[in-house]
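A.B. asks: Mind looking at a prediction? Sequence and model below.
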Amino acid sequence: MATLVEFRAKNPEYNDMPDVALADAMHSKFYTDIPKPQFYKQLGLGAETQIPGGETTITLPPKPVTMRDRIMGVIETPAIIAGNVGRMIAAPIAKYGTEAVVGFNTPEGIRRGEQAAQTTSNQFYQPRTETGSDIVGSMAKVLGAIPPTPLTSAGVALSTLSGPALTQTARVMQPAIQTATQTPAMQKMAALLKPPEKQMVGMGAASTDEVLLRQQRAQAQGIPLTKGEQLQDFGLMKRESDLPKENPELAKGLIEFKAGQKQAIIKRFEQMADETGAVYADPTAFRKVGSLVDTELVKQFDAKKLRVDNAYQAARNAGETKQVVSTAPLEQWLAANAPEAISVPEINSIAAKLEALKTARNGQVTIDDVENLYKAAGQLGKKGDPSGMFMGQVKGVINDMTEGAGGDLYRAARVQRKELGNQFENTYRVAKLLGTRGGYGDRAVALDDVFSHVVLDGSLEEMRTVTQLLKKGGPQGQQAYAELQGQTIQYLKDQLTKNASGELSFAKIKNAIDTLDREDKLAYMFGKSGRNTLIDVRDAIQDALVKPPGTVNYSNTGSVVIRGLDRLAEMRVPLAKTASDVAKSREVTRQVEESTKYNALVEALKGTK
């Protein structure tokens with residue numbers, strides 16, 4: 001049963017009805033079988049309803065906190081703390097200093113002192129969101145007080161204060177992620193009911209929440225964005241693109257900013273590769289990584305194969321493989337598939353071997369004999385070839401023939417052999433990597449191609465068959481898996497940077513990330529958190545590199561001014577060119593600084609009213 005608060009949240013039309021009256025109405029109509037005191041308790045009503053006047057109380061659900069308030073609350077928390085510290089120090093000084101001048105303990109002195117304290121207090125930062133006040137209040141309850149320190153003076157710049165809070169904003173983004181997972185119908189209804197969004201000062205038609213999320217995401221990934229890129233303002237981005245071409249010397253700061261942005265994007269991939277624990281995440285290391293994976297798989301196969309051989313030898317030593325078995329099932333299979341032997345001669349080879357055994361043993365074929373046939377079928381069959389399919393069926397028939405035969409040692413050996421086959425021989429991705437051990441005469445996968453064979457080619461399940469062996473293979477196997485993770489990041493970086501023009505390619509990196517993500521390979525290899533990080537990096541790169549088409553909602557006044565100054569310089573007016581050059585230099589410098597110094601998170605806090 002929902003509480004009264006939850007009921008009101010879903011049915012706001014009853015919010016003008018007192019708690020007790022609403023509860024009584026619900027009880028009489030739907031819940032008469034529940035004692036009223038118990039019903040009150042289930043609704044969340046306590047003893048306060050019995051206090052005179054309590055029957056008129058209306059308990060409304062808490063006002064929902066918007067995403068913007070959550071973000072801004074986290075950002076302004078350091079500023080609130082700094083303001084509180086400054087207020088704690090300066091207000092008493094102003095109060096008692098004024099009283100000392102006007103007169104201690106006199107009515108006028110007290111009045112003037114309190115007035116001075118209030119005036120001084122108002123000079124410091126005031127909380128602008130309930131979230132910020134709540135955060136600071138919670139901190140104060142835990143710490144007991146907020147002690148002043150040399151590093152939290154009231155004069156700290158807002159841009160500096162907002163920096164340490166950025167790491168917390170990811171936590172307040174979770175409701176947005178949850179909203180995104182709602183059904184399409186729920187999303188449509190939410191869109192219809194959503195009130196018009198307030199706009200941040202200087203953002204034109206940009207959505208405040210989208211801008212804040214975009215800048216928070218970029219800063220979390222260490223990728224700087226220009227003002228135009230943060231706001232996704234077509235006019236601003238066009239100006240930022242034109243300035244370096246038209247005024248390379250004056251726009252040097254913007255050119256350097258974009259160069260630094262490119263390096264930051266590349267560096268982010270290098271950081272992610274390091275975080276995997278890989279040693280050889282490098283474009284020249286594909287062969288080395290392939291060798292590490294191959295060595296680990298071969299080691300595991302050899303070790304398990306040795307255990308299987310030893311188990312069979314123990315069964316032979318105990319005489320358990322001397323038991324005679326019926327070859328009728330295999331003979332029936334060979335007869336049924338005789339027509340296929342025209343194109344698959346390996347079937348005739350098995351038939352000939354069986355006939356030779358029956359002749360040599362006078363029809364008394366033992367478990368040892370059919371085990372030799374089993375080995376022959378494994379050697380004759382080739383993966384990806386018709387012979388591989390038919391010889392696999394032969395092995396299956398032989399397994400059925402020997403099911404339950406022999407003693408405990410033989411049956412235990414069969415179980416181990418079946419596990420070996422499932423893990424290495426019957427799994428295409430693994431068998432092909434093992435070369436001759438998977439039924440191949442030569443290496444089927446070059447060491448340089450092992451990464452592609454495991455990670456890029458095939459499905460998630462096929463990749464899982466290989467990587468699960470590595471992850472269970474001890475320190476060396478786990479390191480080989482880490483190398484595959486690191487090389488995956490390197491592969492994504494290569495897609496980004498492989499461009500003849502030297503520019504970064506968003507289209508290629510997007511295609512690579514989306515392809516891996518469609519089959520949940522990113523989540524499998526890096527976990528949900530790692531997958532989300534890669535998606536954030538992709539989106540931040542898009543914000544930095546892609547110039548989307550759209551309506552120009554920025555007046556581009558700066559460019560208009562510069563063109564006007566250029567025309568002025570062309571006029572035959574004394575000193576006009578000098579004045580034009582100076583003005584143009586100042587205007588371009590201002591525009592460059594505006595584009596490279598802008599921070600939407602900080603500006604949002606300044607623009608909140």
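C.D. replies: Received the coordinates, thanks.
A.B. asks: With adjacent residues omitted, what lies nearest to Leu504?
C.D. replies: Leu496 (5.4 Å; Cβ to Cβ, 6 or more residues apart in numbering). Placement of C-beta: from N, CA and C, glycine included.
A.B. asks: oh sorry, the question was meant for Asp24
C.D. replies: Lys36 (7.9 Å).
A.B. asks: where does the one you found fall, phi/psi-wise?
C.D. replies: When quoted as degrees, to the nearest 10, the phi and psi of Lys36 stand at phi -60, psi -40.
A.B. asks: Run a quick neighbour tally on Asp517.
C.D. replies: Neighbourhood size, Asp517 [other Cβ atoms under 10 Å]: 15.
A.B. asks: ok so, going back, what is the neighbour count of the residue nearest to Asp24?
C.D. replies: 13.
A.B. asks: got the contact list for the residue nearest to Leu504?
C.D. replies: Counting by Cβ atoms under 8 Å, 6 or more residues apart in numbering, Leu496 makes contact with 265-266, 269, 504-506, 508-509, 541.
A.B. asks: Packing partners of the one helix or strand Gln263 maps to?
C.D. replies: Element membership for Gln263, per DSSP states H and E: helix 252-275. Counting contacts by 3 or more Cβ pairs under 8 Å, 6 or more residues apart in numbering; DSSP states H and E, helix 252-275 is packed against helix 234-246, helix 474-497, helix 521-545, helix 576-597.
A.B. asks: how far off helix 252-275 does the first one point, in degrees?
C.D. replies: Calculated by axes from the mean of the first three to the mean of the last three Cα atoms, to 10 degrees, helix 234-246 forms an angle of 110 degrees with helix 252-275.
A.B. asks: what mean pLDDT does helix 234-246 have?
C.D. replies: The pLDDT scores in helix 234-246 average 87.
A.B. asks: Ok, the longest one next?
C.D. replies: Over the span of helix 521-545, the pLDDT mean works out to 94.
A.B. asks: and it, what other elements does it pack with?
C.D. replies: Short answer (3+ Cβ pairs under 8 Å, 6+ apart): helix 521-545 packs on helix 208-220, helix 227-231, helix 252-275, helix 460-471, helix 474-497, helix 506-518.
A.B. asks: Highest mean neighbour count across those helices, which stretch is it?
C.D. replies: Neighbour counts (mean count of other Cβ atoms under 10 Å) averaged over each of the helices and strands packed on helix 521-545 peak at helix 227-231, with a mean of 25.
A.B. asks: which other residues reach that helix?
C.D. replies: Residues contacting helix 227-231 (Cβ under 8 Å, 6+ apart): 203-204, 206, 211, 214-215, 218, 233, 235-240, 543-544, 594-596, 598-600.
A.B. asks: From the contacts of Leu496, pick the one nearest His453.
C.D. replies: Lys508 (21.0 Å; Cβ to Cβ).
A.B. asks: Return the per-residue confidence for the residue nearest to Leu504.
C.D. replies: 92.
A.B. asks: can you list the weak-confidence ranges in the stretch 501-609 of the chain?
C.D. replies: Residues of the stretch 501-609 of the chain that meet the criterion pLDDT under 70 lie in 548-583, 607-609.
A.B. asks: The same query, at a cut-off of 80, please.
C.D. replies: 501-502, 548-584, 604-609 (pLDDT under 80).
A.B. asks: picking up where we left off before, any idea which of the helices and strands packed on helix 252-275 is most buried?
C.D. replies: Most buried among the helices and strands packed on helix 252-275, counting by mean count of other Cβ under 10 Å: helix 474-497, with a mean of 21.
A.B. asks: Now do it against helix 521-545, angle only.
C.D. replies: 30 degrees.
A.B. asks: quick check: angle from helix 474-497 to helix 460-471?
C.D. replies: 130 degrees.
A.B. asks: any idea of the angle helix 474-497 forms with helix 506-518?
C.D. replies: Using the same axes, to 10 degrees: helix 474-497 against helix 506-518 is 140 degrees.
A.B. asks: got the CA positions of helix 474-497 in CSV?
C.D. replies: Extracted in CSV, the C-alpha atoms of helix 474-497 (Å, rounded to 0.1, in the frame of the first residue of the first chain):
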residue,chain,number,x,y,z
GLY,A,474,46.3,-17.6,-13.6
PRO,A,475,48.4,-14.4,-13.7
GLN,A,476,49.8,-15.0,-17.2
GLY,A,477,46.4,-15.7,-18.6
GLN,A,478,44.9,-12.6,-16.9
GLN,A,479,47.8,-10.5,-18.2
ALA,A,480,47.1,-11.8,-21.7
TYR,A,481,43.5,-10.8,-21.3
ALA,A,482,44.6,-7.3,-20.1
GLU,A,483,46.7,-7.0,-23.3
LEU,A,484,43.6,-7.7,-25.4
GLN,A,485,41.8,-4.9,-23.4
GLY,A,486,44.7,-2.5,-23.9
GLN,A,487,44.9,-3.4,-27.6
THR,A,488,41.2,-2.7,-27.9
ILE,A,489,41.7,0.8,-26.7
GLN,A,490,44.7,1.1,-29.0
TYR,A,491,42.5,-0.1,-31.9
LEU,A,492,39.9,2.6,-31.1
LYS,A,493,42.7,5.2,-30.9
ASP,A,494,44.0,4.1,-34.3
GLN,A,495,40.6,4.5,-35.9
LEU,A,496,40.6,8.1,-34.5
THR,A,497,44.0,9.0,-35.8
